[in-house]
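Colleague: Generate a structure from the sequence data that follows.
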Amino acid sequence: MIDGKIIDIGEEALAEDDNLVLFFGPTVTPGLRPYAVVQEITRPEEITLRVGRQILFGGESYQIQAVGSLAEANLKAIGHVTMVFGEVSQPELVNAIYLSPAKVPDFTVGQLIQYPGGAQDE
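Modeller: Modelled structure (predicted):
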C-alpha cells in the first residue's frame, strides 16, 4: 500500500448530503483549497488503481468499483482525484474513483489514506 496523509481540509470540502469529495496535493491553488481535502502521498508514482482493489481511510476499507480514465495519472502527478462514494459500474467522471460502501468516511487532518500499489500489491 502507498501511504497518504490528510494535511488540510477546506471549510467547504465536506458536505453532509454529498457523496463526492475532491482531493488535491499540497500544490492546490488558493481558489480550490476551500473545496478540497489536501493530501501528501509518499510514493504517488507507485499507485495502481484497479477495480476490486481497496483504499483505506484511517484503516476503514473501501472497494474500488470503477476508475475514470484520468484518475490514476492525475493522482500520481498532482495528488488530485475525485472520490465518489457509491456503487457504479461505468465511470461518469474521468478523474473519479468510485468506491463502496456508499458512506463517506469521517475525514480528519492527520488521517492516513492507503492506496493500492507497490510490489506487495501486485
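Colleague: Please make it C-alpha for all contacts and neighbour counts, starting now.
Modeller: Fine.
Colleague: could you point out where this protein is predicted with low confidence?
Modeller: 89, 119-122 (pLDDT under 70).
Colleague: Tell me which stretches of it form strands.
Modeller: 2-9, 20-24, 36-41, 54-57, 60-67, 81-85, 96-100, 112-115 (DSSP state E).
Colleague: For the ones you listed, give me TSV that also has distance to residue 74 and mean neighbour count.
Modeller: Shown next, in TSV, are these (distance: least, C-alpha to C-alpha, whole Å; neighbours: other C-alpha atoms under 10 Å):
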stretch	distance to residue 74	mean neighbour count
strand 2-9	15	20
strand 20-24	9	21
strand 36-41	13	24
strand 54-57	17	20
strand 60-67	12	20
strand 81-85	7	22
strand 96-100	10	25
strand 112-115	14	22
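Colleague: of those, which approaches residue 48 most closely?
Modeller: When those are compared by C-alpha to C-alpha, strand 112-115 sits nearest residue 48, at 7.8 Å.
Colleague: one step back: got the strands of the chain as TSV, with distance to residue 48 columns?
Modeller: As requested, the strands of the chain are arranged in TSV below (distance: least, C-alpha to C-alpha, whole Å):
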stretch	distance to residue 48
strand 2-9	9
strand 20-24	17
strand 36-41	13
strand 54-57	11
strand 60-67	11
strand 81-85	13
strand 96-100	12
strand 112-115	8
